[in-house]
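**Q** Here's a sequence, model it:
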Amino acid sequence: MSHRSRPRKARTRRRRLPLRYLLPSLLLVVVMVMLMLRGYVHSEILADHRIRPEAATGHVPEKILDGGPVIDTRGGRPSSRSLGRHHLVLTFDDGPDPEWTPQVLDVLKKHHAHAVFFVTGTMTSRHPDLVRRMVAEGHEVGLHTFNHPDLSYQSTGRIDRELSQSQLALEGAAGVRTSLFRPPYSSFADAMDDRSWPVTEYIGSRGYITVVNDTDSEDWKRPGVDEIVRRATPHGGKGAIVLMHDSGGNRAQTVAALDRFLPALQRDGYRFENLTEALGMPGAHTPVSGRELWKGRAWVYAVQASEHITGVMVAGLAVIGVLVMARFGLMLLLSALHARRVRRRGFSWGPPVTEPVSVLVPAYNEAKCIENTVRSLMASEHPVEVIVVDDGSTDGTARLVENLRLPDVRVVRQHNAGKPAALNRGLANARYDLVVMMDGDTVFEPATVRELVQPFGDPRVGAVAGNAKVGNRDSLIGAWQHIEYVMGFNLDRRMYDILRCMPTIPGAVGAFRRPALERIGGMSDDTLAEDTDVTMALHRDGWRVVYAEKARAWTEAPESVQQLWSQRYRWSYGTMQAIWKHRRAVVERGPSGRFGRVGLPLVSLFMVLAPLLAPLIDVFLLYGVVFGPTRKTVAAWLGVLALQAVCAAYAFRLDKERMTHLVSLPLQQILYRQLMYVVLLQSWITALTGGRLRWQKLRRTGALGSAPGGAPGLPRQRTASVTRDDRRPVA
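**A** Okay, the predicted model is just below:
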């Protein structure tokens with residue numbers, strides 16, 4: 001028993017979460033935490049903007065209502081104090097603000113005056129350098145809560161959090177704690193009521209002195225500089241605590257009024273001191289060190305990181321917005337030009353191409369599909385020879401083809417060496433100079449080969465991309481891929497054809513000049529996207545690569561999320577490999593340089609960067625729906641979706657496809673795009689970490705018997721080996 005359990009334990013120890021899964025998960029967690037933190041410090045999450053109306057004053061002590069603006073309830077013995085004559089304490093609420101607080105500090109420094117800044121925890125966390133400057137220049141700092149709620153609505157637990165988080169931010173910003181507190185929405189001492197008084201008592205039990213005011217400048221109303229000065233000025237030389245604001249809107253009038261107010265009252269004998277100086281009390285600040293200091297700094301660093309990260313995300317959202325609009329605009333414009341060019345009466349690529357064609361079919365364990373593939377080629381309207389290259393199949397693929405005993409069909413066997421090697425082997429055995437390549441799970445229409453080779457009437461054309469279509473579109477995941485093929489691939493190919501930088505000849509349906517392939521060394525196994533690699537190599541060698549919209553091929557798309565993941569992971573990683581392999585084209589001259597400076601940037605932007613950033617639209621959609629302006633957020637997202645729907649409908653119209661499949665477009669944008677994003681992110685991580693990705697064989701069902709609609713003499717059928725278990729629904 002113990003002997004058997006040892007290998008199982010060893011296998012268990014070896015099972016570790018791969019880095020390519022761990023990093024996306026960690027990245028997602030970090031992004032969510034940063035967004036939530038930013039929302040919290042911007043008062044978008046857990047903010048409470050309710051304001052309590054005035055209440056009765058029956059439970060407020062008379063000595064508080066008739067007393068001064070400094071209220072001390074510490075020790076359970078309420079008392080209040082006022083300032084002496086010609087003592088004036090300026091107080092500023094709601095800051096610090098990156099635009100107005102520095103100007104206020106400059107005016108105070110200019111006139112050698114001190115003040116008390118009642119800061120919020122949110123603004124302190126976001127602008128710690130300003131709080132640090134306040135303390136360094138001798139001003140006092142007090143708390144004004146963290147999120148600025150009306151505390152009369154809040155529980156004692158929420159009040160404690162408002163105080164402790166504000167102190168945490170202050171400790172991280174300036175390395176001090178404070179004993180001064182001003183409640184949000186407070187006024188004069190005689191405005192204390194039965195709702196706010198219990199809060200004041202509780203604040204005192206936590207060790208704070210509550211500070212209200214004697215005169216209110218009402219600068220938040222922006223009544224004008226003269227009016228602000230008039231309202232802030234005490235009468236008859238009385239001492240006063242003056243309320244002003246250094247945040248919460250445009251404070252230009254406050255700054256101008258302060259510059260006039262300070263010298264005027266200094267000439268009248270007023271001294272502008274800190275509150276504790278004016279009252280002869282111990283200083284309000286207590287330095288912190290050790291663990292408390294580092295906790296505060298860690299909080300401030302985390303908030304700063306969230307600000308920077310979300311700033312980058314917003315910039316990325318702007319970039320993706322520009323890219324999406326540019327791509328859609330280019331696709332609509334250039335696709336229309338392409339369709340108009342190739343569909344005009346009398347258009348031709350040159351003399352009709354009637355010479356025979358060699359069709360190469362690389363096959364590895366394609367027993368369920370290969371017979372349908374070969375039979376579809378035998379119904380071709382163009383003369384063909386078919387070469388099936390069996391790449392070490394173990395399921396009898398070669399034997400099935402040989403048993404068909406069809407004319408002009410040959411089987412070439414080789415040990416398993418991969419698709420590029422199989423195609424090169426087929427190329428070496430081909431009789432003709434025009435070569436068509438297709439996958440072993442694909443079926444052609446009778447006219448496909450003929451339409452595919454007509455562009456070779458132009459001697460400058462070295463390769464032709466056909467119109468690949470999803471045959472098994474009856475499931476939801478198949479319908480999503482159908483939309484992607486029609487809109488994302490074929491509409492793109494029309495655009496790239498006009499720009500003369502087609503990035504990929506699809507493996508399912510493509511044609512090549514044999515001499516062009518031989519000049520670039522044939523099919524390469526340097527990347528996992530040999531079709532993209534060879535297409536880029538042809539561009540760099542000076543050949544034109546074009547798109548033949550009528551050369552339709554029907555392929556079997558993956559029918560499960562796991563299979564789709566494997567396929568797109570290989571495509572994404574292979575595309576990155578191909579871009580990196582041909583990077584020197586950017587600095588070269590001639591055709592290679594043109595492709596490098598036009599094709600490579602477009603492919604990198606639209607096929608690598610844009611899909612990687614696209615989920616930001618959905619991230620901000622979710623955030624905006626939950627925490628932000630819901631209507632505006634949903635309207636913006638629906639606008640983007642409408643633009644995509646227009647492009648998709650136009651692509652379906654060009655391809656003469658039924659519009660009914662577009663019903664699933666919104667769901668595709670929500671779910672399918674996220675899957676593609678994770679796949680692309682995983683490809684990036686694999687590339688950056690130096691990982692290697694092997695060729696992966698997709699599981700075929702053989703469900704595609706012939707081209708949809710049926711070809712003459714080619715009955716729609718399925719091989720006998722296909723069972724119900726072969727077509728599992730998507731989990």
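
**Q** Give me the below-cutoff pLDDT ranges for the protein.
**A** 1-21, 23-24, 628, 687-731 (pLDDT under 70).

**Q** which one in it is furthest away from the centre?
**A** Here the chain reaches farthest from its C-alpha mean at residue 236, the gap being 62.0 Å by CA atoms, centre = their mean.

**Q** Give me the buried positions along the strand ranked longest in the chain.
**A** Looking across the chain with DSSP state E, the single longest strand is strand 544-555. By 16 or more other CB atoms under 10 Å, the buried positions in strand 544-555 come out as 544-549, 551-555. Quick note: C-beta positions are derived from backbone N, CA and C, even for glycine.

**Q** so how far is it from its chain's centroid?
**A** 33 Å (CA atoms, centre = their mean, to the nearest Å).

**Q** For it, name the packing helices and strands.
**A** helix 290-343, strand 442-444, helix 448-453, strand 461-470, helix 491-499, helix 530-540 (3 or more CB pairs under 8 Å, 6 or more residues apart in numbering; DSSP states H and E).

**Q** Next, the angle from the fourth one to strand 544-555.
**A** If I follow you right, that is strand 461-470. 30 degrees (axes from the mean of the first three to the mean of the last three CA atoms, to 10 degrees).

**Q** Give me the buried positions along strand 461-470.
**A** Residues of strand 461-470 classed as buried: 461-470 (neighbour count, 16+ other CB under 10 Å).

**Q** Sheet partners, orientation included, of that strand?
**A** strand 510-513 (antiparallel), strand 544-555 (parallel) (DSSP bridges).

**Q** export the ones you listed to a markdown table and tack on distance to residue 301?
**A** Converted to a markdown table, the strands paired with strand 461-470 look like this (distance: least, CB to CB, whole Å):
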| stretch | distance to residue 301 |
| --- | --- |
| strand 510-513 | 53 |
| strand 544-555 | 51 |
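
**Q** Which one, of those strands, ends up nearest to residue 39?
**A** Each of the strands paired with strand 461-470 has some distance to residue 39 by CB to CB; the shortest is strand 544-555, at 44.8 Å.

**Q** Next, the angle from that closest one to helix 530-540.
**A** 160 degrees.

**Q** next SSE after the longest strand of the chain?
**A** helix 561-581 (DSSP states H and E).

**Q** Dump that next one to CSV, keeping only the CA atoms.
**A** Extracted as CSV, the C-alpha positions of helix 561-581 are listed here (Å, rounded to 0.1, in the frame of the first residue of the first chain):
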residue,chain,number,x,y,z
VAL,A,561,-13.7,26.0,-24.9
GLN,A,562,-10.6,23.9,-24.2
GLN,A,563,-10.1,23.2,-27.9
LEU,A,564,-10.7,26.8,-28.8
TRP,A,565,-8.2,27.9,-26.1
SER,A,566,-5.6,25.5,-27.5
GLN,A,567,-6.1,26.7,-31.1
ARG,A,568,-6.0,30.5,-30.3
TYR,A,569,-3.2,30.1,-27.9
ARG,A,570,-1.1,28.7,-30.7
TRP,A,571,-2.2,31.3,-33.2
SER,A,572,-1.5,34.2,-30.8
TYR,A,573,1.9,32.9,-29.8
GLY,A,574,2.8,32.1,-33.3
THR,A,575,1.8,35.5,-34.6
MET,A,576,4.1,37.1,-31.9
GLN,A,577,6.9,34.8,-33.0
ALA,A,578,6.4,35.8,-36.6
ILE,A,579,6.4,39.5,-35.9
TRP,A,580,9.6,39.1,-33.9
LYS,A,581,11.2,37.0,-36.6
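
**Q** And the helix or strand following that helix, what does it pack against?
**A** Following helix 561-581 in sequence order, the next helix or strand is helix 590-594 (DSSP H and E). Using 3+ CB pairs under 8 Å, 6+ apart, the elements in contact with helix 590-594 are helix 530-540.

**Q** show me what contacts the residue most central in space within the chain?
**A** Geometric centre of the chain, nearest residue: residue 616, 2.5 Å, by CA atoms, centre = their mean. Neighbouring residues of residue 616 by CB atoms under 8 Å, 6 or more residues apart in numbering: 313, 316-317, 320.

**Q** What distance do you get for it to residue 268?
**A** 58 Å (CB to CB, to the nearest Å).

**Q** now residue 561
**A** From residue 561 to residue 268 the distance is 78 Å (CB to CB).

**Q** Identify the neighbouring strands of the helix or strand where residue 92 lies in the sheet and state each direction.
**A** Under the criterion of DSSP H and E, residue 92 resides in strand 87-93. Strand pairing for strand 87-93, using DSSP bridges, gives strand 115-119 (parallel), strand 240-245 (parallel), strand 271-272 (parallel).

**Q** is it possible to export those to a markdown table including mean neighbour count and distance to residue 94?
**A** Listed next are these as a markdown table, based on neighbours: other CB atoms under 10 Å; distance: least, CB to CB, whole Å:
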| stretch | mean neighbour count | distance to residue 94 |
| --- | --- | --- |
| strand 115-119 | 28 | 8 |
| strand 240-245 | 24 | 5 |
| strand 271-272 | 18 | 20 |
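
**Q** nearest to residue 46, of those?
**A** For residue 46, the closest of the strands paired with strand 87-93 is strand 115-119, at 18.8 Å, according to CB to CB.

**Q** could you dump the closest one to PDB, C-alpha only?
**A** Output of strand 115-119 as PDB, limited to C-alpha atoms (Å, rounded to 0.1, in the frame of the first residue of the first chain):
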ATOM      1  CA  ALA A 115      -3.400  78.400   9.500                       C
ATOM      2  CA  VAL A 116      -5.100  75.100  10.300                       C
ATOM      3  CA  PHE A 117      -6.000  72.800   7.400                       C
ATOM      4  CA  PHE A 118      -8.800  70.300   8.000                       C
ATOM      5  CA  VAL A 119      -7.900  67.700   5.400                       C
END
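
**Q** distance between that strand and the chain's centre?
**A** With CA atoms, centre = their mean, you get 39 Å for strand 115-119.

**Q** Would you tell me what the next helix or strand after that strand is?
**A** The C-terminal neighbour of strand 115-119 among helices and strands, as given by DSSP H and E, is helix 121-126.

**Q** before we move on, back to that, which helices and strands sit right next to the next helix or strand after the strand holding residue 92?
**A** Per DSSP H and E, the first helix or strand lying C-terminal to strand 87-93 is helix 101-110. Applying 3+ CB pairs under 8 Å, 6+ apart, one finds that helix 101-110 makes contact with strand 87-93, strand 115-119, helix 128-136, helix 252-267.

**Q** how about a cut-off of 7 Å?
**A** Contacting helix 101-110 under the criterion 3 or more CB pairs under 7 Å, 6 or more residues apart in numbering; DSSP states H and E are the following elements: helix 128-136, helix 252-267.

**Q** buried sites along it?
**A** 101-105, 107-108.

**Q** hmm, back to that, how about the buried residues of strand 544-555, which pair is most distant?
**A** Maximum pairwise distance in these, criterion CB to CB, is 26.4 Å, between 544 and 554.

**Q** what about the closest residue to residue 612 other than its chain neighbours, how many residues close to it?
**A** Distance criterion CB to CB, 6 or more residues apart in numbering; nearest residue to residue 612, sequence neighbours excluded, is residue 680 at 5.3 Å. Residues lying near residue 680 (other CB atoms under 10 Å) number 26.

**Q** Just the C-alpha atoms of the stretch of helix or strand residue 680 belongs to, please, in CSV.
**A** Secondary structure from DSSP H and E places residue 680 in helix 673-688. Extracted in CSV, the C-alpha atoms of helix 673-688 (Å, rounded to 0.1, in the frame of the first residue of the first chain):
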residue,chain,number,x,y,z
ARG,A,673,-13.7,38.5,-26.0
GLN,A,674,-12.6,37.8,-22.4
LEU,A,675,-11.5,34.3,-23.4
MET,A,676,-9.5,35.7,-26.3
TYR,A,677,-8.0,38.3,-24.0
VAL,A,678,-6.8,35.7,-21.5
VAL,A,679,-5.4,33.6,-24.3
LEU,A,680,-3.5,36.6,-25.7
LEU,A,681,-2.2,37.5,-22.2
GLN,A,682,-1.1,33.9,-21.7
SER,A,683,0.8,34.1,-25.0
TRP,A,684,2.5,37.3,-23.9
ILE,A,685,3.5,35.7,-20.6
THR,A,686,4.8,32.6,-22.4
ALA,A,687,6.9,34.8,-24.7
LEU,A,688,8.2,37.0,-21.9
